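1. sharing a sequence plus its predicted fold:
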Amino acid sequence: RAIVVPQTVAAGQTLLTLTIDGRPRHYVREVDTEYLPGKITTYDLSVSKKPNTGEYEVELTGVSITAWEAENVSHGDEAREYVVVHNAVPGGLEKTVVERLEMDPTKIKNLKLTGKITTEDYTFMREKMTSLQRLNLKEVESVVDGVYMIPESAFNRKYTLIKCVLPDKLEAICRNAFGNTSLTGTVLLPEGLKYVSGFNSTKITNVSFPSTLEAIGSGNDLDREYGYSQSGQGSDYGAFYSCQSLMCEIAFPRSLKKIGDNAFRYSAIKGNLVLPQTLETLGSHAFQSCTSISGALVIPDGITKIGESAFYNCGLTGTLTLPEGLVEIQSGAFGNTSLKGELHIPESVQLIGDAAFSGTLFNGTLILPSELISLGAGVFGGCWRLSGVVEIPDNIVAVPSGLFRECANLEGVKLHKDVEVIESSAFENCFYINS
């Protein structure tokens, strides 16, 4: 349904455009078509697929002209009457609405903005438009500190907001921008966007990333390298933290360089997780407790550090491929997952944190990097499928507590002469160690 200015569309000109299977198809009439004021023109169209060519054929089967009726009558829904406001001066939206247009902001449910807005205007919409449900920012210029952005906490805890069309021109969406709102449906992030955060704890069901995106933001760091942080106060709420309706497979763009701390923690994303080879930063808790993720995991070549609990308690069920050049695997990085197959830890790795691989299903003989300088407690605890003889690297002089606890199929351990201490439970319930 569309509202059309009264006019005559000449014969031979495009009257309607239909998108079928992602391709636009234009319908043309051989006679003039007149749109009359106060009337509804209804077209009945038949769409059929030709069996030989697979092409679609559109045929007009009926035309009717009736008196205008409200949308709630014809669609059985609340009428979508948008208030259209042009704001010429950034920061002056309240004055435009209340003084110039003499409108009660508490009564505005559906709003389309044009012109220019900035931080103060978001504060006005968040705090004074108490009934706001739908917002169209497509044609607006949203500029803060010289950057096209939606600022931090723009609509945070705006529980009435369920839909928002984002500006066409946008470089950044900052943390908590839409956090804890009732935003639902698919989020279409515009081309040109470089940094996204701020959809934490919403009800969105899908997200489409632009080809320009460089970073999916953190909750507890400032993302200073992108220059979009508005305060020094951090939080645990990454870009899509706890989006429990986001039950879709994620397709990351090739431009992506960073997935920040807590980015998808506790979200419901599913299917195989394919990280782009352009990725350089993989933050702490980035995919923690994403239990619907499955399959194998390949860590991109540009990653040198895997953050704390980055994949802890994920549903990963396949093999793990770690890149040459990886230096640090922080605590709990892959703990409590169902990753399986042989575990190949690159020689470049120097630090493995507490419980980094605990409770996994890796099998075969484990070879630790010879240059390893730090090995945390319980790193391989509960990895009962590991077997063979494991050699402790020369730089490790204290065997950490719980290191191979419950690794029931290990057959032996090789300790070098400089080992000074074996901490408690390091080999507890390793029943088959005989040398």
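-> Thanks, I have it.

2. CA only for contacts and neighbour counts going forward, please
-> Noted.

3. ends of stretch 370-389, how far apart?
-> 15 Å (Cα to Cα, to the nearest Å).

4. residues of it that come out buried?
-> Neighbour-count burial for stretch 370-389, with 16 or more other Cα atoms under 10 Å as criterion, is recorded at 370, 372, 374-389.

5. which of those fall within strands?
-> Per DSSP state E, strands hold the following members of these: Ser374, Leu375, Leu386, Ser387, Gly388, Val389.

6. tabulate those (TSV), appending distance to Gly192 and pLDDT.
-> Putting those into TSV (distance: Cα to Cα, whole Å; pLDDT from 0 to 100) gives the following:
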residue	distance to Gly192	pLDDT
Ser374	42	96
Leu375	43	97
Leu386	47	96
Ser387	51	95
Gly388	52	94
Val389	53	95
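
7. list just the nearest of those residues to Lys39.
-> The closest of those to Lys39 turns out to be Leu386 (Cα to Cα; 75.3 Å).

8. Cys314 against His285, yeah?
-> No. Contact between Cys314 and His285 fails when scored by Cα atoms under 8 Å: they sit 10.4 Å apart.

9. what about those two, which has more around it?
-> For Cys314 and His285, the more surrounded residue by other Cα atoms under 10 Å is His285, and the numbers stand at 27 against 24.

10. so which residues of the stretch 201-350 of the chain form strands?
-> All strands of the stretch 201-350 of the chain, identified by DSSP state E, counting those that start in this stretch, fall at 203-208, 215-216, 258-259, 271-272, 281-282, 293-294, 297-298, 305-306, 320-321, 328-329, 340-342.

11. who's in contact with the third one?
-> Read that as strand 258-259. By Cα atoms under 8 Å, 6 or more residues apart in numbering, the list of residues contacting strand 258-259 from outside reads Glu214, Ala215, Ile216, Gly217, Ser218, Leu279, Glu280, Thr281, Leu282, Gly283, Ala286.

12. let's verify Cys164: helix, strand, or coil?
-> Per DSSP: H, G, I helix; E, B strand; the rest coil, the local secondary structure of Cys164 is strand.

13. on the three-state scheme, the nearest residue to it once chain neighbours are set aside is what?
-> The shortest distance from Cys164 to any residue other than its chain neighbours is 4.7 Å, reached at Leu135 (Cα to Cα, 6 or more residues apart in numbering). For Leu135, the secondary-structure state derived from three-state DSSP is strand.

14. quick one: low-confidence ranges for the stretch 151-300 of the chain?
-> Scanning the stretch 151-300 of the chain with the threshold set as pLDDT under 70 gives 219-236.

15. tell me who's in contact with the nearest residue to Lys203 once chain neighbours are set aside.
-> Counting by Cα to Cα, 6+ apart, Thr184 is the residue found nearest to Lys203 once chain neighbours are left out, at 4.7 Å. Thr184 sits next to Ile162, Lys163, Thr202, Lys203, Ile204, Thr205 when contact means Cα under 8 Å, 6+ apart.
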